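Enquirer: Have a look at this fold, sequence not included:
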Ligand SMILES: Cc1cc2nc3c(=O)[nH]c(=O)nc-3n(C[C@H](O)[C@H](O)[C@H](O)COP(=O)(O)O)c2cc1C
């Protein structure tokens, strides 16, 4: 059984809808051998990361950076995980208002320090909310879970 951790900050209905779509994709009924653990970043800790075979990160962009909750998560897990999670496969999705690049860059910089391995390009959902966001998030979750199950990641 592969273990997939989803750490996503969902402060609004739109952001929650994206997180739910990611979880729904990762829970696709065709995927049998992946256990999912979903945690808001303020509740996730280093034990969750050390448990995981793969991680999906989700954050809003706030003030041109990742959300404060996601930053708090990294502040707490960075050193406990640093020597133990090298190569951990991860993907990132960002919910921005009109941008999202700052959140993307800030998360990618930290996971570069952790030496995690990005297995899909970062998904940035910005501008007027649309169905494509939900479809893309569902696909992101499904691809990550299917890739873990297949041993591709
Ligand atoms: C304090 C605050 C700062 C924000 N800063 C940015 C920002 O720098 N760039 C951006 O694209 N959106 C920004 N936003 C918009 C959020 O990313 C957006 O509200 C969030 O993705 C939730 O999406 P929703 O408003 O469609 O529900 C900010 C929102 C808040 C509350």
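Expert: Perfect, thanks for sending it. The shown structure was predicted, so the numbers you read here are calculated from the model rather than taken from an experiment. Numbers count the residues shown, from 1 in each chain.
Enquirer: Are the lengthiest strand in the chain and the ligand in contact anywhere?
Expert: Longest strand in the chain, counting residues (DSSP state E): strand 54-62. Yes: for strand 54-62 and the ligand, the contact criterion (C-beta under 6 Å from any ligand atom) is met by 60-62. Backbone N, C-alpha and C define where each C-beta goes, glycine included.
Enquirer: again with stretch 66-80
Expert: No: applying C-beta under 6 Å from any ligand atom, one finds stretch 66-80 separated from the ligand by no less than 8.2 Å.
Enquirer: Work out the gap between that stretch and the centre of the chain.
Expert: How far stretch 66-80 lies from its chain's middle: 13 Å, per C-alpha atoms, centre = their mean, to the nearest Å.
Enquirer: One more: stretch 49-62?
Expert: 4 Å.
Enquirer: Give the rounded mean pLDDT of that stretch.
Expert: The pLDDT scores in stretch 49-62 average 98.
Enquirer: go on, stretch 136-151?
Expert: In this model, stretch 136-151 has a mean pLDDT of 98.
Enquirer: For whichever strand or helix holds residue 103, what is the distance to the chain centroid?
Expert: Under the criterion of DSSP states H and E, residue 103 resides in helix 101-114. Between the centre of helix 101-114 and the centre of its chain there are 12 Å (C-alpha atoms, centre = their mean).
Enquirer: Could you list the buried residues of it?
Expert: Using 16 or more other C-beta atoms under 10 Å as the test for burial, helix 101-114 gives 102-104, 106-108, 110-111, 114.
Enquirer: quick one: which of those is nearest residue 150?
Expert: Closest approach between those and residue 150, by C-beta to C-beta: residue 111, at 22.5 Å.
Enquirer: So the residue nearest to residue 30 when sequence neighbours are not counted versus residue 19, what's the distance?
Expert: Nearest residue to residue 30, sequence neighbours excluded (C-beta to C-beta, 6 or more residues apart in numbering): residue 146, at 7.8 Å. From residue 146 across to residue 19, the span is 19 Å (C-beta to C-beta, to the nearest Å).
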